[in-house]
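Trainee: Based on what follows, work out the 3D shape:
(2 chains)
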Amino acid sequence: DGGITQSPKYLFRKEGQNVTLSCEQNLNHDAMYWYRQDPGQGLRLIYYSQIVNDFQKGDIAEGYSVSREKKESFPLTVTSAQKNPTAFYLCASSIEIGEQYFGPGTRLTVT
Amino acid sequence: AQSVAQPEDQVNVAEGNPLTVKCTYSVSGNPYLFWYVQYPNRGLQFLLKYITGDNLVKGSYGFEAEFNKSQTSFHLKKPSALVSDSALYFCAVREGGLTGGGNKLTFGTGTQLKVEL
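Mentor: Got it, this is the predicted structure:
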């Protein structure tokens, strides 16, 4: 089956710890994206990557980092510098123009 | 800059009645417009898109949307609502024809649709 997978579905961390969220796609899409979703705020773009070994900051990149070493993978690290990391994180991919396809999401809770 | 407005946080409709979820947009050039649906604790599912062509776009699960350039709107519609349509709906836009800036979409804040028996 083609699609986007995110793991884990739920993640719990203590404040001050870095945590990495996984995103893998087998759709052969060049572009990949990370969004954060908070209640009542819609989706906000964290980082995006149009091609391997290249990525750009989105609207709320502070406190996050990414890598794009393989076309299929676009992991997101939530660092201890992110002030409010508890949120639902969504990964997506797309061709150059058109709809984005989303993974099932990871709910991160930091206490 | 591109932006999207979904003026209603929640829409309530009785099963069997028609439903409309509103979306207005702002872009500098021609828009590419999208609708997505999200069920609780799930990712977004693509419903339909307008890139060019016919202003009435048909999508998944019996949904359709009408692109209205003069009103800068792209309202989502369905002739007969089902209880199973109850979910969170997002409208998204990007400016068409752009290259080099990626396929970045701007999402609205979402509209919760509740279909009751």
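
Trainee: any low-confidence regions in the chain?
Mentor: Going with chain A. In the predicted model, chain A carries pLDDT under 70 at residues A:1-2.

Trainee: sorry, should have said chain B
Mentor: Per-residue confidence for chain B (pLDDT under 70) gives these ranges: B:97-102.

Trainee: Up against chain A, what does it have?
Mentor: Taking C-beta under 8 Å from any C-beta of the partner chain as the contact definition, chain B meets chain A at B:9, B:32, B:34, B:36, B:41-46, B:49, B:51, B:90, B:102-105, B:107-110. For the C-beta atoms, the positions are set from N, CA and C on the backbone; glycine is no exception.

Trainee: can you rerun that using 7 Å?
Mentor: Chain B comes close to chain A at residues B:34, B:41-44, B:46, B:49, B:90, B:102-105, B:107-110, as judged by C-beta under 7 Å from any C-beta of the partner chain.

Trainee: ok, the spatially closest residue to residue B:14 that is not a sequence neighbour - contacts?
Mentor: Using C-beta to C-beta, 6 or more residues apart in numbering or on different chains and skipping residues adjacent in sequence, the residue nearest residue B:14 is residue B:116, 5.9 Å away. By C-beta atoms under 7 Å, 6 or more residues apart in numbering or on different chains, the residues touching residue B:116 are B:12, B:14, B:15.

Trainee: Apart from its neighbours in sequence, what residue is nearest residue B:113?
Mentor: Of all residues not flanking residue B:113 in the chain, residue B:11 sits nearest, at 5.2 Å (C-beta to C-beta, 6+ apart).

Trainee: ok, residues contacting the strand or helix carrying the one you found?
Mentor: Assessed by DSSP states H and E, residue B:11 sits inside strand B:10-14. The set of residues external to strand B:10-14 that reach it, using C-beta under 7 Å, 6+ apart, is B:19, B:21, B:81, B:111, B:112, B:113, B:114, B:115, B:116.

Trainee: and what of stretch A:56-75?
Mentor: Here stretch A:56-75 makes contact (C-beta under 7 Å, 6+ apart) with A:20-26, A:32, A:34, A:36, A:44-49, A:52-55, A:76-79, A:81-83, A:91, B:102.

Trainee: Which among those count as buried?
Mentor: When the contacts of stretch A:56-75 are checked for burial by 16 or more other C-beta atoms under 10 Å in any protein chain shown, the buried set is A:21, A:23-25, A:32, A:34, A:36, A:44-49, A:55, A:76, A:78, A:82, A:91, B:102.

Trainee: Alright, I will stop here.
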